[in-house]
Each structure stands twice: as structure tokens, then as C-alpha cells.
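K.L.:
Pasting the sequence and the predicted model now:
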Amino acid sequence: MQKIKNTTDINNKIEFNIIGQVNSPYKEKFAIPRQPGLVSSAKGSITLIGDANNAELVRELAQFSHIWLLFVFHGTQAQGWKPLVRPPRLGGNKKIGVLATRSTFRPNPIGMSVVKLDAIDIKEQQVILHISAIDLLDKTPIIDIKPYVPYSDSIPHANAGFAQTQPLANLQVTFNEQAQIAIIKHSKNFPDLALFIEQVLAQDPRPAYKQGKIDDKIYGMNLYDLNIQWQMQGLTCIEVIDIMPSTSSTE
Ligand code: SAM
């Protein structure tokens, strides 16, 4: 199996095996929601690999509706980390300790997400887990999968400081005529495309400093193999102005 190598210079290193790889509609970091569960229509899968690609590993897993994924922030791993980070939830201005955040730039680039387990497929000796409500970049390496156990994993009255409440996702999203035609054209391959785009954009994927300001920039985001172009209309609306095949991804 492939090994994950720690990128820091300390001597106490641990190596983990990659047990699976994510197939995600999010082809670049931009516009991925900040946590799982925020965009319910974001569907992906995990292909188990190496010794972990064995039906025995997932026996009885299907009785759990949700699973924890432990993964590597492979897209930002090479950029290293700093003790202080500026969380977007605080407007990107205030620096706080990295361990008080869910930043991708951490001493060990390990992420954890609870996602919905929709189905487990085992075909021709390949195990594939179908998942949704994900916040994962395409090709994310998975290092562990565990069942989500509400009685222990959910603490409804826990204090969560600056992240106590779910971020607002209240931008109105409209599609111009050209975008509506494209949605129909792509509906065979991507039947939930309009809902997916709406849910992603309602979160306002722009950098924190742009929020609440007049902004006439045309943004592009890559979902599946499509490049979606959109623009703010005033402070609270987004118009999708075109949907084209992606020419490249930033990853
Ligand atoms: N739920 C995870 C956690 O708490 O550890 C991730 C939270 S992190 C704030 C979410 C962001 O990670 C997403 O918005 C996306 O930009 C980024 N991301 C997701 N998968 C990644 C990957 N494989 N490499 C680098 N960044 C990734």
C-alpha cells in the first residue's frame, strides 16, 4: 500500500497506510464548504485500495447512516503550517491558535469529517463507499473510516466558541438563460446539478474580506468536469451566468 510521509522535520514520525481515495465533485479548494453536512447534494465516493480493498473490512458497516472519515489534506500539505491562523469565520482578521481551528494548515495535515454513508458497492472485488454531504477535495487520501456513533459523538450542548452556529447560507441563487440551457444539457449526467450549484453558492464561497461588499468580479468554480461562472448581484444574490466544460483545475 502507499505510505503517507510526514512532511515536518521532527524525528518522531509515524507512517500510515492510505486505505482509500475520494472521488469528489470538488476539483479545487475554492467553493468547497467549510464543513461536511452543509451541502447535502455533494455526492462522492471512496474507492478502497491495497490491503484495505477487502469486503471483510466493511462487513456490517452499512447499518450506520454516517461515518467518520480521517484523511490527509493533500492539497495543502506541502504549504506547511503556522502556530497562528486566521479563521474565515472571524472575518480573516483575527489570529488564533491553529489547534483552536479546523484549518487545513496543521502540524499534521489530518482532517476529519462526518459524512452520510449512502451505499456500499462491491463489484469485481472493488469496494466503493458512496457518500454525501462531503467537504472533500477530489483524490483526498483516506487513512481511516469509523462508524459515527451519536450517543458519544454528538454533544448537543457543547460550547463551540466562535463556531457555535452553522454559517449562514442565505444568498439567493438564480440562473440566467444560458445557464438554464446548460443545466438541461447536463441533466442526464448530473441530475442534481442546479441544486448542487445553489447549495454551494448559497454558502458564499468568496474570501471573507469580500463578504458584505459590492463585488462585480466574475468567479469561476470547478464542479465535476464543469466550470461554473457566476457573479454577485447586489449584496445578497448570485447569478449563475455560464456553465462550460472545465479546461483545467487548480489542483
Ligand atoms: N471537516 C474537516 C475537518 O474539520 O478536519 C475539514 C475542515 S476544513 C476547514 C474544510 C476545507 O478543507 C474545505 O473547505 C476545503 O477547502 C479543504 N479541503 C478539503 N479536502 C482537502 C484536501 N484533501 N486537501 C486540502 N484541503 C482540503
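P.N.:
That came through, no problem. Numbers count the residues shown, from 1 in each chain.
K.L.:
Any figure for the gap between the residue nearest to the spatial centre of the chain and the ligand?
P.N.:
Central residue of the chain (Cα atoms, centre = their mean): D135, 1.7 Å from the mean position. Applying Cβ to the nearest ligand atom, to the nearest Å, the value for D135 to the ligand is 5 Å. C-betas here are computed from N, CA, C, even on glycine.
K.L.:
Need the pLDDT of that residue.
P.N.:
The confidence metric pLDDT takes the value 98 at D135.
K.L.:
pretty sure it belongs to a strand, no?
P.N.:
No. Per DSSP: H, G, I helix; E, B strand; the rest coil, D135 lies outside any strand segment and is coil.
K.L.:
count of residues packed around the residue nearest to it when sequence neighbours are not counted?
P.N.:
Nearest residue to D135, sequence neighbours excluded (Cβ to Cβ, 6 or more residues apart in numbering): P36, at 4.6 Å. P36: 23 surrounding residues under other Cβ atoms under 10 Å.
K.L.:
before we move on, what SS does P36 have?
P.N.:
P36 - assigned by three-state DSSP - is coil.
K.L.:
separation between it and the ligand?
P.N.:
Taken as Cβ to the nearest ligand atom, the span from P36 to the ligand is 6 Å.
K.L.:
With F105 instead?
P.N.:
For F105, the distance to the ligand equals 9 Å [Cβ to the nearest ligand atom].
K.L.:
my guess is the residue nearest to the centre of the chain meets Q35, correct?
P.N.:
Yes. Using Cβ atoms under 8 Å, D135 makes contact with Q35 at a distance of 5.6 Å.
K.L.:
So for those two, which residues contact both of them?
P.N.:
S113 (Cβ atoms under 8 Å, 6 or more residues apart in numbering).
K.L.:
Name the SS class of the residue nearest to D192 when sequence neighbours are not counted, please.
P.N.:
Nearest non-adjacent residue to D192, counting by Cβ to Cβ, 6+ apart: S41, 5.0 Å away. Three-state call for S41 (three-state DSSP): coil.
K.L.:
Check A31 too.
P.N.:
A31 ends up coil, using three-state DSSP.
K.L.:
What pLDDT is listed against it?
P.N.:
Predicted confidence (pLDDT) for A31: 97.
K.L.:
hang on, it packs against W230?
P.N.:
No. Contact criterion Cβ under 8 Å: A31 and W230 do not qualify, at 9.7 Å.
K.L.:
Find residues that contact each of those two.
P.N.:
201, 221.
K.L.:
neighbour count winner among these two?
P.N.:
More crowded of A31 and W230, by other Cβ under 10 Å: W230, with 26 against 22.
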